[in-house]
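Trainee: Return atomic coordinates for the entry below.
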Amino acid sequence: MLIFLYGEETFLVKKKLQEFILHHQKKYPERVNFFRLDAHEITPADFFDAARQRSLFGSDEQGAGQKKFIVVENVGDREDLAKEIAERIKKNEQYYIPEDSSLIALFVEYGGLKKSNP
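Mentor: Okay, the predicted model is just below:
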């Protein structure tokens, strides 16, 4: 699942981000791997490395695997990064994200998105 969270009001964006995180921590208390990345400091490979990373704790008794919650902040200036990640996920290439992965990727921009030229 891909979620884009942005807005002019930085406080409200941060509040909504915290709500997403708390919701998933409550829903999957022992099965969520959180990754927080800054778009200014990563490449698409860094994102997919986090997505493919295996948990040390494995699966629970019901056989449900770990959930991965990846937050990528400051994506507004890195349209190329978000676009490449989205394209690779859309292609559903196993090399990038294993089929058994339950991935939630949250792309965050504080201060709204900048309009790009057509």
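Trainee: Please spell out which residues along the strand or helix carrying residue 88 are buried.
Mentor: According to DSSP states H and E, residue 88 maps onto helix 79-91. Going by neighbour count (16 or more other CB atoms under 10 Å), the buried part of helix 79-91 is 81-82, 84-85, 88-89. (C-beta placed from N, C-alpha, C; glycine too.)
Trainee: average pLDDT for that helix?
Mentor: Mean pLDDT, helix 79-91: 82.
Trainee: CA-only coordinates of it, as PDB, when you get a sec.
Mentor: The C-alpha coordinates for helix 79-91 follow below in PDB (Å, rounded to 0.1, in the frame of the first residue of the first chain):
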ATOM      1  CA  GLU A  79      10.100  13.500  -7.300                       C
ATOM      2  CA  ASP A  80      12.500  11.200  -9.200                       C
ATOM      3  CA  LEU A  81      12.800   9.000  -6.100                       C
ATOM      4  CA  ALA A  82       9.100   8.700  -5.400                       C
ATOM      5  CA  LYS A  83       8.300   8.100  -9.100                       C
ATOM      6  CA  GLU A  84      11.000   5.300  -9.400                       C
ATOM      7  CA  ILE A  85       9.800   3.600  -6.200                       C
ATOM      8  CA  ALA A  86       6.200   3.700  -7.300                       C
ATOM      9  CA  GLU A  87       7.000   2.400 -10.800                       C
ATOM     10  CA  ARG A  88       8.900  -0.600  -9.400                       C
ATOM     11  CA  ILE A  89       6.200  -1.400  -6.900                       C
ATOM     12  CA  LYS A  90       3.600  -1.100  -9.600                       C
ATOM     13  CA  LYS A  91       5.500  -3.600 -11.800                       C
END
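Trainee: nearest to residue 32, of the buried residues of helix 79-91?
Mentor: residue 89 (18.9 Å; CB to CB).
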